[in-house]
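Participant: could you work out the structure for the sequence below:
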Amino acid sequence: MKIISDLHIHGKYSRACSKNLSFSNLEKYARIKGLHLMGTGDFSHPKWGKEIKNDLVEKEKGIYRTKTGFPFLLTNEISLMYSQGGKGRRVHLVLFAPNLGVVDQITDYLKSLGRIDYDGRPIFGRSVMEVTESLKAISKDIEIIPAHAWTPWFGILGSKGGFDSLEEGFGDQIKHIHALETGLSSDPPMNWRVSSLDKFALLSFSDLHSFWPWRIGREATIFDLKKLSYANIIKAIRSKKGLVGTVEVDPAYGKYHWDGHRNCNIIMNPKQTKKAKGICPKCKRALTIGVEYRVEEVADRPIGVKPKEGKKFWKMLPLSELISVVYNVGVGSKTVEGIYNKMIKKFENEFDILLNVEKNKLSDANEKLTNIIIKNREGKIKVDPGYDGVYGKLKDIEKTKVKNRQKGLGDFG
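Facilitator: Predicted structure coming up:
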């Protein structure tokens, strides 16, 4: 049973998130996208926690379903800000919980550290070592995953207060860490350059703040399970067996791929940054160092190395983004919405369109859109890199001949 999952999300009570986030909207757009499993996000927030208990019912062990049957797994993100080794540290962690009883215990523990009612991703002045040890004392079945591990501001390996290895950050608690989330600005090949990460499963999720098709499932993790259950998901992560691979955007699409200053409209690649000694040429302050630069700093392998246990990955950009660049309109425009909905009505879901529908069956789309869908499938879309909180931008693509693949990727087979 192939399970395409998006397990790092947020609810309506998180900062900078859509107030229309609800389990009905998450289910609606998850089905449109082609997802089979979602995280609840924000289970520690009092109001969102009540909605989880009101709207979802446990069917399989650790899997909670809506009234119409869509499955969710109990998840939460927390932010830790503290000092270690004489340096300020900022790390986000994603938590998976096996049941609502454990959720209540986690919530009580977090309440002992500080407030949890102001944001779905609460902040605590505790180290990842202390928090990991305390959570594992609650339940060995809690999964703890460093979120968007390379992001400058709150990634455990990021440039602003991060560590050079997971072992450095977690210390003796590293025995409880089995995976990391790559984040939008990195992909598996970038992580494969760091040999110390080989032992960890690489996961990808959207970290969505709204349910729109260009956010939900933009990154995802694919499992192959005999039966959907919390225990089987955790077993697949910890053993890497049953973990098929990940759906990734081009890392240049992420908001922190290259270096720069948003307010100064300055963007630099790693070579330019080194030449400038990390200083913005406009304001003369330190640049926000992005993921590509940071990976290069800690990498001990050349580009192109794939470890023996490296999993498959599918690199693609959301269909709404493709429509947007073809028609030269905003991704949230009525034009994009209309064309997107027409295609979804004709085909199974967005992933089916992006990966499996043959070119000749996409004939209702204009020629340029058809071509860009196929080029996206082949990983040939070019993106101007994102930097300092600014998303990367797809480059306009003129009509080109594209080889027609007779078969797609077989539903991520």
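
Participant: switch to C-alpha atoms for all contacts and neighbour counts from now on
Facilitator: Will do.

Participant: send me stretch 51-66 as CSV with only the CA atoms.
Facilitator: The C-alpha trace of stretch 51-66 is given here as CSV (Å, rounded to 0.1, in the frame of the first residue of the first chain):
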residue,chain,number,x,y,z
GLU,A,51,-10.8,20.5,17.1
ILE,A,52,-8.6,17.4,16.8
LYS,A,53,-10.7,15.7,19.4
ASN,A,54,-14.0,16.9,18.0
ASP,A,55,-13.3,16.3,14.3
LEU,A,56,-11.2,13.1,14.3
VAL,A,57,-11.8,9.6,15.6
GLU,A,58,-9.1,6.9,16.0
LYS,A,59,-9.8,4.0,13.6
GLU,A,60,-6.5,2.2,13.2
LYS,A,61,-4.0,2.4,16.1
GLY,A,62,-2.6,5.9,16.1
ILE,A,63,-4.5,6.9,12.9
TYR,A,64,-7.3,9.4,13.4
ARG,A,65,-9.9,9.8,10.6
THR,A,66,-12.5,12.4,9.7
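
Participant: got the contact list for it?
Facilitator: Stretch 51-66 is contacted by residues 23-24, 40, 43, 67, 71-74, 97-99, 228-231 when judged by Cα atoms under 8 Å, 6 or more residues apart in numbering.

Participant: where does pLDDT dip in this protein?
Facilitator: 364-365, 396-413 (pLDDT under 70).

Participant: may I ask which helix or strand encompasses the residue sitting nearest the centre point of it?
Facilitator: Note on the chain: the residue nearest the mean C-alpha position is Phe205, at 2.8 Å, using Cα atoms, centre = their mean. Under the assignment given by DSSP states H and E, Phe205 is not contained in any helix or strand.

Participant: on that earlier part again, which among the contacts of stretch 51-66 count as buried?
Facilitator: 23, 40, 43, 71-74, 97-99, 228-230 (16 or more other Cα atoms under 10 Å).

Participant: for those residues, work out which two are farthest apart.
Facilitator: Phe43 and Leu228 (20.5 Å; Cα to Cα).

Participant: please parse the chain into its domains.
Facilitator: Per automatic domain parsing, the structural domains of the chain span 2-252, 319-386+394-413.

Participant: heading C-terminal from the longest strand anywhere in the chain, find the next helix or strand.
Facilitator: Under DSSP state E, the strand in the chain containing the largest number of residues is strand 71-84. Reading on from strand 71-84 to the C-terminus, the next helix or strand found by DSSP H and E is strand 87-97.

Participant: which strands border that following strand, and is each parallel or antiparallel?
Facilitator: Here strand 87-97 has these sheet partners by DSSP bridges: strand 71-84 (antiparallel), strand 143-146 (antiparallel).

Participant: dump these into a markdown table; add distance to Gly155 as well.
Facilitator: Output for the strands paired with strand 87-97, formatted as a markdown table (distance: least, Cα to Cα, whole Å):
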| stretch | distance to Gly155 |
| --- | --- |
| strand 71-84 | 10 |
| strand 143-146 | 7 |
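
Participant: Gly386: which of those is closest?
Facilitator: Between these, strand 143-146 lies closest to Gly386; by Cα to Cα that is 21.7 Å.

Participant: show me how far that closest one is from its chain's centre.
Facilitator: 13 Å (Cα atoms, centre = their mean, to the nearest Å).

Participant: and for stretch 330-342?
Facilitator: 23 Å.

Participant: using the three-state scheme, assign Ala137.
Facilitator: Three-state call for Ala137 (DSSP: H, G, I helix; E, B strand; the rest coil): helix.

Participant: gap between it and Asp172?
Facilitator: Distance, Ala137 to Asp172, using Cα to Cα, to the nearest Å: 14 Å.

Participant: tell me which of the strands paired with strand 87-97 sits nearest to Ala179.
Facilitator: Closest to Ala179 of the strands paired with strand 87-97, according to Cα to Cα: strand 143-146, at 5.8 Å.

Participant: following that closest one, which helix or strand comes up?
Facilitator: helix 166-170.

Participant: how many neighbours does Gly86 have?
Facilitator: 6 (other Cα atoms under 10 Å).

Participant: next one: the one 3 residues further on
Facilitator: The local packing count at Arg89 equals 25, with neighbours defined by other Cα under 10 Å.
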